[in-house]
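In: sequence first, predicted coordinates after that:
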Amino acid sequence: MRAAPRLIAALALALLVSACARQVDAGVSEAAGTPGFWWGLWHGFIFPWAWIGSLFSDQIAVYAVPNRGGWYDFGFFVGITVLGGGSFFGSRSRKD
């Protein structure tokens, strides 16, 4: 299998590049009222509708900035994948 070395090289490159990523300090806030996990969860769940709305209005955003950082991101991820049906629809078996 010649694809395995290419896959390993691609994963290593992706890991190397992602190691350089960091969140902008202005995007993280610990002030009261800053969106955290629960708001991230909600924003992830309503993402499809928020994205459609953002195409028609500059007042609608799909991601809150500033937010609490990692907890908001985790809630957003869970909202998109679990509540949004990402893991459910991908796991359906086909009946022929």
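Out: Arrived safely, thanks for sending.
In: how about Ala64: what's its closest non-neighbour residue?
Out: Excluding its sequence neighbours, the residue lying closest to Ala64 (Cβ to Cβ, 6 or more residues apart in numbering) is Pro35, at 4.3 Å. Just so you know, the C-beta spots here come from the backbone N, C-alpha and C atoms, and that holds for glycine as well.
In: which parts of the protein are strands?
Out: Taking DSSP state E as the criterion, the chain carries no strands.
In: any regions of it where pLDDT drops low?
Out: 1, 21-26, 83-96 (pLDDT under 70).
In: go again with 90.
Out: 1-36, 48, 61-70, 81-96 (pLDDT under 90).
In: just want the most central residue of it.
Out: Phe77 (4.3 Å; Cα atoms, centre = their mean).
In: how much space between the closest residue to it other than its chain neighbours and Gly33?
Out: Spatially, and ignoring its direct neighbours in sequence, Phe77 is nearest to Gly44 (6.5 Å; Cβ to Cβ, 6+ apart). Between Gly44 and Gly33 the computed distance is 19 Å (Cβ to Cβ, to the nearest Å).
In: of these two, give the one with the bigger neighbour count.
Out: Ranked by neighbour count (other Cβ atoms under 10 Å), Gly44 and Gly33 place Gly44 first, with 25 against 7.
In: the helices in the chain, which residues?
Out: 3-18, 37-45, 47-56, 70-78, 86-90 (DSSP state H).
In: and the residue nearest to Ala64, backbone torsions?
Out: phi -60, psi 130 (degrees, to the nearest 10).
In: contacting residues for it?
Out: By Cβ atoms under 8 Å, 6 or more residues apart in numbering, the contact set of Pro35 is His43, Ala64, Asn67, Arg68, Tyr72.
In: neighbour-wise, which one of those leads?
Out: Among these, Tyr72 has the most neighbours (other Cβ under 10 Å), with 26 neighbours.
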